[in-house]
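Asker: need a 3D model of the sequence below.
(4 chains)
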Amino acid sequence: MSVSSPIVSIDPLLCTGCRRCAEVCPVDAIVGTLHQPQSIDTERCVMCGQCVLRCSAFASPFDETISDIPAIRKERGLPEDDSSTLFAAHFRVDKGSVSSMLEDTDKISMVQCAPAVRSSIAEEFGLAPGTLTPGQLAAALRRLGFDLVYDTIFAADVTIMEEASELLERLESGENLPMFTSCCPGWVRYMETAWDDQLSHLSSCKSPQQMAGALFKSYGAEIAGKQPEQIASVAVMPCTAKKFEAGRPEMQADSVPDVDAVLTVTELADMLKRKGIQLTSLQEEEFDAPLGLYSGAGTIFGASGGVMEAALRTAIAVTTGKEVDESGVTFTKTEEGISRATINVAGKTVRAVIVSGLAHAAKLLEDVRAGKADFDFMEVMCCTGGCVAGGGQPKLLPHVDLQDAIQRRRESLHVHDKALPVRASHRNPSVTALYENYLEKPLGHRSHTLLHTTYGEAAGGHE
Amino acid sequence: MGAGDCVCIIGTNTTACHPVIGLGMMQAKRNGAQLIVIDPREIDLAREADVWLRLRPGTDTPLLSAIAGEIYNAGMVDVESVAASTEGFKEFCEGLAKFDAESVAALSEVAADDIRRAARCIGRARNTAFYYTMGVTQHTTGTNNVLAVSNLALLTGNIGRPKTGVNPLRGQNNVQGSCDMGALPNVLTGYRSVTNDDVRGSFEEAWNVTIPAEKGRTIPEMLNAIEEDKMKGLFVFGENPMRSDPDINHVEHCLHHVEFLVVQDLFLTETAELADVVLPGASFAEKDGTFTSTERRVQRIRAAVSPVGDSKPDWKILAELLERLGRPERYADVKDVFDEMRMLTPTHTGITYERLEAGGIQWPCPDESHAGTPILHVGNCMRGAGKFVPLEHREPAELPDAEYPLTLTTGRVVAHYHTATMTRRCFGLAGTWPEELVEVHPADAAEYGIADGDLIELRSRRGVATGRAWVTRRVPRGLVFMTFHFSESPANILTTSAADPVTGTPQLKVCAVAIRKLTEESTSVESLSIEEHASCHIA
Amino acid sequence: MHPFVLSDPSRCIGCRACEIACVDAHMDEDMVEAGNKELPFSPRISIVHEAEVTAPVQCRQCEEAPCVAACPAGAVVSEGDTVRVETERCCGCKACMAACPVGAMQVAVIPGKIKTPVAHKCDLCTGREKGPACVEVCPAGALRVFGREDLQRIPVSKRRQSASQLAGYN
Amino acid sequence: MPHRLNPFILATASKCIGCRACELACAAAHIEGGVSVGSLQAPLSPRLYLTCVGEMRVPVGCRHCEDAPCAAVCPNAAIYRTDRGVQVDESRCVGCKTCIVTCPVGAMEMGQIWENGKPVMRRVANDNSPEGSEMEPALLASKCDLCKDRAGGPACVEACPEQALALIYPDAIKRRRNIQAALALKGTGARAGEVL
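Answerer: Have a look, this model is predicted:
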């Protein structure tokens, strides 16, 4: 497939060739020599946006070599009165299309926002990293004009239902093991570009963003009494690869995309500010039912290890009948970016691995390819630390301790988890209702059509 | 001096305090002489030394005794001839047993092997000359320390010959002359005791007065007498005890307490500021007379300029004072003063102004046909047999402890002289060394968070002084050094008035202090990364 | 090649006469009067007085002088026998100080018309009859001018010495 | 030694990779905002300038000259020397730009000053407007202030990933170089005591 413009790119007019972006690129996709403008190898790029976060080559008003800033803004599809700072490494901005969707009175707009957004967006309004603002985020999205403020976390809970079932099924049959999570689009893209012979190991589940999008335009449409094409489905993500994922051809039903547009945290913050919405001074509001109700398990999807923990909470309950708030499983760091644990689930020993940061996955994949894999289930997050460190997150200033900020965002998601009344996905009443009223059961027919996919075949290029 | 000779300096920073002699030592070294430096600080000469003994301050006597012991034990002493020309030799040698190299090494913090190296150096040298200054004398054990040097010289036969001897380097211009002239509490001219009736009698006859038969007071005794109301008046000339004496706070208290204080000086010093009457003295360039150098050489000087303003030469002020006290005018000029002096002083009798026209003469010079005495104790000691004095070690009166963990030692720098009343008024000297730099070892500096150039505070049991830190390895860890040149950084606020029991010389070389950083000004953020400065090489 | 003054640390006793002589040589005022007029004391030679070494340091009159390269105002020029500061053009930016590898450049107020700190450095006492004042005054003979001839002669004589050593060795 | 000369920020060209992190940090340090670029409440206006000449990259900024030409030419005494460098009083600046012309290193720029989220405005004549004049953001003298009010010291120094920038105290550098030079000399004639 092709997208109208590249998701992540480097502007040769602004790039000074410092190659600091290459230090953080997990797939060595940044090509160029020192002091010369860099370019991105689209064959390798997974669109994680780490280069965007790292880039400090901004359009200085005093650099005479950066002459036509308005032209650069225009080229990037930014409005004329946009005054945001331009950096060499940047991602495709979709604020414009979202604005027009909101203005379209024929459509009902539904928005979802990923877990990690609520632990970071306050940074764009001057607060400290990790300040948790879910209620204000919901309120702000409503002020911006969204008709229904739903939540990706709801879909994360659904993902657990589907993925846990899929894992148990694979463990039963012994096929396609080990199983890999598929909720991280950068990771999926990496599998498709560099390990396409191993794609069968990926879970067939769509990511929470895409599950949510698919449910908005089916179940959600039914509830709203609308047709799928009458719905504008917008996702707010801490991630740039999500923009790519939303555009994938397999992520649509009858040519109607599950998600019509993806905004990053920085884009949303900018839209709010331009409308004069001060997120931090809003009264807290609730997300809309039913697709906006979520559990603590779904919340921690935003941090590395969260998918694993959420899956374990449900798996333990399903297989043992014992309801637990926390799995109690401790993962031990065995190598840089890799943690492991062995868990007994229904008499079976499951060897689980958590990979934080794409660069650490290759060695494990080599083992899988060689048939020497010593694990059954693997969670991989492209960005080190998980979505809290995603490329769509606020771009921190040079003096700020990035690791500290990521840690704070992580901690705040765990604090949120602990504070929620329901902490396991299968106990989310909206999820139960969804299955009762609509999907019937995990891995059922409707689930299969709406929530699962096949990766690899139509893997689109970057451009 | 040259090959085969040895120079042993102890407690003297010669290049800084006696630069001309220091240059001579450097020259001797280049000529092949061996150099032994005994000093806690890495003074410039320490770098040039063949053996440098970095002793803990206050351990001079045991260290010198240990060197003597090593020389004796190694059989490098001409026992027969030394025994023949001295007294107390046997007792002295027996006493050396308690100063074995190992235990003195532990005491003085000088390695035993270095003590032996120094001993070999002195023992094997043809001639060894010993030089010392206040580093030896300004201790409560000052007398013992000098005796230890003298013992060592006697033991090694380094006395009474060229390139040998016990050579105290006098600290001030004509300090030798003023001591020769009896400006001491216990002697009249020529170091003759006031308790000697014959000596006193000759002065009483000449002056037609009665002279007290008992010794006078040392400075600490005077201050105590003032405090006890036993002394009502004080006449200070050419001295600035408010900066140069130990425990200034105590000095100030006494000078306030004394009923009548007269100060005679060139400038309004800190001491003169407290005086009831200030008498303006003339400077060296404004007066006639003689100065006696550190080698006992009496030299004629002549006024180069007339005294400024109301100032007068010291002798004139004294003469006028005598006149107003009812003593008739007796002196027309300096020659009259000198002639009276030489007639009353056998060691100077042969020195006349006429003879001095041809150049300086070294006393003793008993008659006008005598050529003077370049070297003392030739052939035999002046007193007869050389006297060995067995010594004991005594620790300084104050040692560092938990509250005052560092040792302060004081001294001078090359640019300034004493309390700098003159040198700080001199553009070049003041410019080249404008303020107090307190030497602090880098490890101590680090411990107290002090960077080079920081303003620091020094505190002792007696007071508080400030100065700028000079972070340098010149001092060992645990020792800080400061001068007493700078009025605004008065080291002697800190020092103790504990003194040598014989001479009353205060222990200025050791006291316990604590230091801390005063300034908050950002000091050294600069990083080494800047070393390349490639940015400055843009063509 | 520019001549320059070099010190011999094995002779220096740190007496600072060189610093004082330097200031005197660059000042119209009489030394006796200078103190009364509170003139600045800004020597162009700096005594290093540390445990490890005592020696004066001053400009080497570099052939490719970093101070000349670093000056944004063109105030430091390599001209004739010396690297010279045109003080009227100096604005005191201190880049020369940062650039000089031996720390020979000073930025301070100098006696004269200009009342703000300006760069100044050893000018070999150009115009002074008896040559550099520091060399003349040093009582230890620790300072010496190395001129073109010395710089030609020294390597040649060292090579000779080295050659004869080698000859003896073989 | 006490620092009698103004410190300044100097970059080592051989270390600089040209990432502009210094400029970004500088600009951010001089406007209100939080930890992220998005939180900054005014456009970025750095006070040191990454300069690219061929392959060389190096930021250039104010040297805090002792006899600052900018201060000398300022007709309104808006630029003055303090014990913490040469500083600009924006409230006195009239935007005459003479300082830009006179600065020998190009450290001065005319920048917008923002207060409380709004640019400081000035009135300019405009015949086309009803009042004959209109307001526009004022451009005022802007240069390195050594981050005088910033707790961590200069932001650019802190931000540089390559440690290519340093706040240098010229007196301290001179002293250290003097010592190094003297130590180096010790290894020449001193060793043999020979007379060259």
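Asker: point out where the stretch 251-400 of chain B drops to low pLDDT.
Answerer: B:379-383 (pLDDT under 70).
Asker: in it, which spans are helices?
Answerer: B:314-324, B:334-344, B:353-356 (DSSP state H, counting those that start in this stretch).
Asker: winner for burial among the ones you listed?
Answerer: Of all the helices of the stretch 251-400 of chain B, helix B:334-344 carries the top mean neighbour count, a mean of 17, counting by mean count of other CB atoms under 10 Å in any protein chain shown. (C-beta placed from N, C-alpha, C; glycine too.)
Asker: contact partners of that helix?
Answerer: For helix B:334-344, contacts defined as CB atoms under 8 Å, 6 or more residues apart in numbering or on different chains pick out B:181, B:189, B:202-203, B:206, B:288-290, B:313, B:315, B:330-331, B:348-353.
Asker: quick check: closest non-adjacent residue to D:C147.
Answerer: Leaving out its chain neighbours, the residue that sits closest to D:C147 by CB to CB, 6 or more residues apart in numbering or on different chains is D:P154, at 4.5 Å.
Asker: near chain A, which residues of chain D show up?
Answerer: Residues of chain D lying close to chain A by CB under 8 Å from any CB of the partner chain are D:17-25, D:28-29, D:32-40, D:43-46, D:49-50, D:52, D:55, D:57, D:109, D:111, D:152, D:155, D:158-159, D:161.
Asker: for B:G504, which residues are in contact?
Answerer: B:P185, B:T218, B:I219, B:P220, B:E221.
Asker: any regions of chain D where pLDDT drops low?
Answerer: For chain D (pLDDT under 70), the answer is D:1-3, D:187-196.
Asker: do the same with chain C
Answerer: Using pLDDT under 70, chain C drops low at C:168-170.
Asker: list the buried residues of stretch B:96-113.
Answerer: B:L96, B:K98, B:F99, B:D100, B:A101, B:V104, B:A105, B:L107, B:S108, B:E109, B:V110, B:A112 (16 or more other CB atoms under 10 Å in any protein chain shown).
Asker: name the residues that touch the lowest-mean-pLDDT helix or strand in chain A?
Answerer: Counting by mean pLDDT, DSSP states H and E, the weakest-scoring helix or strand in chain A turns out to be strand A:252-253, with a mean of 85. By CB under 8 Å, 6+ apart, the residues outside strand A:252-253 that reach it are A:A214, A:K217, A:S218, A:P228, A:D258, A:T449, A:L450.
Asker: over to stretch B:295-312?
Answerer: Contacts of stretch B:295-312 (CB under 8 Å, 6+ apart): B:176-177, B:180, B:266, B:280-293, B:313, B:320, B:348, B:351, B:353, B:356-357, B:360-363, B:372-374, B:376.
Asker: one more: stretch A:262-272?
Answerer: Residues outside stretch A:262-272 that contact it (CB under 8 Å, 6+ apart): A:49, A:84, A:91, A:93-95, A:98-99, A:113, A:117, A:120-121, A:124-125, A:140, A:143-144, A:209, A:234-240, A:242-243, A:245-246, A:278-279, A:391-395, D:36-38.
Asker: what does stretch A:25-36 give?
Answerer: In contact with stretch A:25-36 (CB under 8 Å, 6+ apart) are residues A:10, A:15-19, A:21-22, A:38-46, A:48, A:50-51, A:186, A:190, A:193-194, A:357-359, A:382, D:17-18, D:52, D:55, D:57.
Asker: where does pLDDT dip in chain B?
Answerer: B:379-383, B:519-539.
Asker: near chain C, which residues of it?
Answerer: So far as CB under 8 Å from any CB goes, chain B lies against chain C at B:15-16, B:19-20, B:22-23, B:26, B:42, B:44, B:47-48, B:414-415, B:425-434, B:472-474, B:530, B:533, B:536-539.
Asker: the same query, at a cut-off of 6 Å, please.
Answerer: For chain B, the residues in contact with chain C (CB under 6 Å from any CB of the partner chain) are B:15, B:19, B:22-23, B:42, B:44, B:414-415, B:427-428, B:431-432, B:472-474, B:533, B:536-537.
Asker: ditto for chain D
Answerer: D:5, D:10, D:63, D:65-67, D:69, D:104-105, D:168, D:170, D:174, D:177-179, D:181-183, D:185-186, D:189-190, D:193, D:196.
Asker: now with 8 Å, please.
Answerer: So far as CB under 8 Å from any CB goes, chain D lies against chain C at D:4-6, D:8, D:10, D:63-69, D:104-105, D:168, D:170, D:173-183, D:185-186, D:188-190, D:193, D:196.
Asker: I appreciate the help and will end here.
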